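> Here you go, sequence then predicted model.
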Amino acid sequence: MGSEGPSVVTIHVTGFKKFHGVAENPTEIIVRNLKGFIQKKGLPEGLVLGSCNILETAGEGAVPQLYEVLQLAIAGENKETSNRGQTIWLHLGVNSGAIRFAVENQAVNEATFRCPDQMGWKPQGVPIIPSDGCISRVRKTPLPVNEIVKTLSKMGYDVMPSDDAGRFVCNFVYYHSLRFAEQNRIKSLFVHVPLFLTISEETQMEFIASLLKVLASLQ
C-alpha cells in the first residue's frame with residue numbers, strides 16, 4: 001500500500017521535416033531544440049519530456065518509421081514506469097497559411113494529398129487504414145481540447161480548437177497515432193503551428209512549453 005510512488009506524465013513529441021512549399025519546417029526546429037529549452041525553464045514535478053523525434057513528411061512510405069518511434073517509447077516506459085503514470089504523444093505540424101495555433105480534435109481516415117509527399121506519394125480518396133472502413137471514419141482524441149485551448153488562451157496565446165487537420169500528412173500521422181494510442185491505452189494530440197514569420201520562434205517555443213504543463217495538469 002502506498003508503494004506505487006507519485007504519478008508521472010511522460011510526453012513524447014514529434015515534428016516534421018521540410019516538404020513542398022515549406023523549405024524550413026518550424027516544427028523540426030521546435031522539436032530539435034525542445035529538450036534544451038525545457039532544461040533551462042524546468043518542468044513541474046511529475047512531468048517528464050520523453051523522446052523528441054523528427055518524422056519524414058510522408059504518408060505510407062514513412063509508416064514503418066512512425067511505428068518504430070511509437071513502439072520504442074512504449075517499450076521503454078513499460079520497463080521504467082510500469083503503470084505508474086500517463087503517456088501522451090504530442091505531434092506538431094505546420095499550417096503555412098495559419099495565423100494562430102490550432103489544437104486538433106480529430107483525424108479522418110482519408111488520405112487526399114494536395115501534392116506528392118516527400119516520398120512521391122499522392123493518394124486521392126484513399127483510406128488511411130482500410131480495415132477501419134470508409135474514408136469518413138473519424139478518430140477523436142480523448143484529451144479535452146476545448147479546456148486546453150481555454151487555458152492557453154488565458155496565458156495570452158492566440159490558439160483555437162480545430163476539427164479539421166486536413167487530409168495531408170499531418171492528418172495521416174494523427175490518425176495512425178490515435179489508433180495506436182487507443183490500442184495501447186495512452187493518449188495522442190496534434191497541434192498545428194504557423195510559420196515563424198507569423199509567430200516568432202521564441203513565442204512558439206514558449207507556447208509548446210506551456211502546452212506541456214497544461215497537458216500534465218490534466219492528469
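Yep, it's here. Numbering: from 1, shown residues only.
> Strands along the protein, start to end?
Per DSSP state E, the chain carries strands over the ranges 8-16, 47-55, 85-94, 101-104, 106-108, 138-140, 159-162, 187-193.
> Make JSON lines out of these and add mean pLDDT, distance to Phe37 and mean neighbour count.
No exception for glycine: its C-beta is placed from N, CA and C like everyone else's. Formatted as JSON lines, the entries for these read as follows, by pLDDT from 0 to 100; distance: least, C-beta to C-beta, whole Å; neighbours: other C-beta atoms under 10 Å:
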{"stretch": "strand 8-16", "mean pLDDT": "95", "distance to Phe37": "11", "mean neighbour count": "23"}
{"stretch": "strand 47-55", "mean pLDDT": "95", "distance to Phe37": "10", "mean neighbour count": "18"}
{"stretch": "strand 85-94", "mean pLDDT": "94", "distance to Phe37": "14", "mean neighbour count": "24"}
{"stretch": "strand 101-104", "mean pLDDT": "98", "distance to Phe37": "17", "mean neighbour count": "23"}
{"stretch": "strand 106-108", "mean pLDDT": "98", "distance to Phe37": "27", "mean neighbour count": "23"}
{"stretch": "strand 138-140", "mean pLDDT": "98", "distance to Phe37": "30", "mean neighbour count": "15"}
{"stretch": "strand 159-162", "mean pLDDT": "98", "distance to Phe37": "19", "mean neighbour count": "18"}
{"stretch": "strand 187-193", "mean pLDDT": "98", "distance to Phe37": "15", "mean neighbour count": "25"}
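> I'd like those laid out as JSON lines, including distance to Glu202.
What follows is the strands of the chain, written out as JSON lines (distance: least, C-beta to C-beta, whole Å):
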{"stretch": "strand 8-16", "distance to Glu202": "17"}
{"stretch": "strand 47-55", "distance to Glu202": "18"}
{"stretch": "strand 85-94", "distance to Glu202": "16"}
{"stretch": "strand 101-104", "distance to Glu202": "14"}
{"stretch": "strand 106-108", "distance to Glu202": "29"}
{"stretch": "strand 138-140", "distance to Glu202": "32"}
{"stretch": "strand 159-162", "distance to Glu202": "16"}
{"stretch": "strand 187-193", "distance to Glu202": "13"}
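> Out of those strands, flag the one nearest Pro64.
Ranking the strands of the chain by proximity to Pro64 (C-beta to C-beta) places strand 47-55 first, at 11.3 Å.
> for this structure, where's the lowest mean pLDDT among helices and strands?
helix 63-80 (a mean of 79; mean pLDDT, DSSP states H and E).
> Run through the bridge partners of the residue sitting nearest the centre point of the chain.
Most central residue of the chain, judged by C-alpha distance to the mean C-alpha position with C-alpha atoms, centre = their mean, is His91 at 1.3 Å. His91 has the following beta-bridge partners by DSSP bridges: Thr14, Phe190.
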